[in-house]
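In: Using only what follows, build the 3D model:
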Amino acid sequence: MSDTTIPPTTVNRLVAEALGTFLLVFGGVGAALFAANFPAGDEGNPLGIAFVGVSLAFGLTVVAGAYAWGPISGGHFNPAITLGLAAAGRFEWKNTIGYIIAQVIGGALGTTLIVLIGIFGTDNWLANAQDSGFASNGYGTGDFGSPGGFELGAAIIAEVLLTAIFVLIILGVTHSTRGTAALAPLAIGLTLTLIHLISIPIDNTSVNPARSIAAAIYGGPGPLSQLWVFIVFPIVGGLIAGVLHRALFEPKGTLPPVQAEARVK
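Out: Numbers count the residues shown, from 1 in each chain. As a prediction, this is how the structure comes out:
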């Protein structure tokens, strides 16, 4: 019997990327803003999930999104991943702009929904969230800087290194012959969780320009002034990973066909 499955259209792929990035941002940034420091009772005993819970939230949203929409778009949900896959020869360069636009729109919708929910919260919830930077990424010791007081150099190194590691792992576990497709979303989600556990204290963890843009647009002038770091250096890390993977792990003449099936973030 012939396979009558109709391949996804370009619109299908872009909508899937927007939905996946929406879920990632709404789940991860939402967990950071709503639940990280949630108090309990009159004594203010913390029930908050803290940064461990926020790390898990980002990882779990990737797993869910990859299983739900990965078969449609490849489940990038991250401009650094899209560009890294293109550099590795696993995604067509001509499709990168559309994917990135969809990811940024999806992420912005995620934080917009958080704002709409916050409007109906306590009188000062939304103002406090914005005053604290709206879970944006940052460096330095200012009001919107690094949670651990790390300076610009630390943020640059962390973003390049951790994004490169992330994309290298994605390229490995989604390989057409060496990867294990059914388990790839779990491996990728666990990797993203680990990355957040490492780097939330450094710069609140980006490794994803769409996530950083989505938070900064509601974080105010401070986060917006530092946003360039979290656009440029995750992309640098992703491109480095793509080039390294192609040079080290794809012997000349064995590169798999260009594809978008990297079931990820």
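In: what sits against residue 143?
Out: Going by CB atoms under 8 Å, 6 or more residues apart in numbering, residue 143 touches 131-133, 222. From N, CA and C alone the C-beta is placed, and that goes for glycine too.
In: Can you tell me which of those is nearest residue 192?
Out: For these, the residue nearest residue 192 by CB to CB is residue 133; the value is 21.0 Å.
In: Could you look up the SS state of the closest residue to that closest one other than its chain neighbours?
Out: Nearest residue to residue 133, sequence neighbours excluded (CB to CB, 6 or more residues apart in numbering): residue 144, at 4.1 Å. Assigned with DSSP: H, G, I helix; E, B strand; the rest coil, residue 144 falls in the coil class.
In: What pLDDT does the model give residue 144?
Out: Confidence at residue 144, expressed as pLDDT, is 82.
In: circling back to that earlier point, mind putting the contacts of residue 143 in TSV, secondary structure included?
Out: Shown next, in TSV, are these (three-state DSSP):
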residue	secondary structure
131	helix
132	coil
133	coil
222	helix
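In: Going by distance to residue 199, which of those wins?
Out: Set against residue 199, the nearest of the contacts of residue 143 by CB to CB is residue 133 (16.1 Å).
In: pLDDT at that closest one, what is it?
Out: Note for residue 133: predicted pLDDT of 92.
In: heads up, I number from 42, so please use that
Out: Right, with 42 as the first residue, what we last looked at is residue 174.
In: Give me the spatial nearest neighbour of the residue nearest in space to the middle of the chain, chain neighbours excluded.
Out: In the chain, the C-alpha closest to the average C-alpha coordinate belongs to residue 249, at a distance of 4.2 Å (CA atoms, centre = their mean). Closest residue to residue 249 apart from its sequence neighbours, by CB to CB, 6+ apart: residue 119 at 4.3 Å.
In: Counting neighbours, what do you get for the one you found?
Out: Residue 119 has 34 neighbours, counted by other CB atoms under 10 Å.
In: What values do phi and psi take at it?
Out: According to degrees, to the nearest 10, the main-chain angles of residue 119 amount to phi -170, psi 120.
In: which residues does it contact?
Out: Residue 119 makes contacts with 62, 65, 144, 248-252, 275, 305-306, as judged by CB under 8 Å, 6+ apart.
In: Phi and psi next, for residue 77.
Out: Dihedral pair for residue 77: phi -60, psi -40, per degrees, to the nearest 10.
In: re earlier: and the contacts of residue 184 as JSON lines, adding distance to residue 46 and neighbour count?
Out: Listed next are the contacts of residue 184 as JSON lines, based on distance: CB to CB, whole Å; neighbours: other CB atoms under 10 Å:
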{"residue": "172", "distance to residue 46": "50", "neighbour count": "14"}
{"residue": "173", "distance to residue 46": "47", "neighbour count": "15"}
{"residue": "174", "distance to residue 46": "45", "neighbour count": "22"}
{"residue": "263", "distance to residue 46": "49", "neighbour count": "18"}
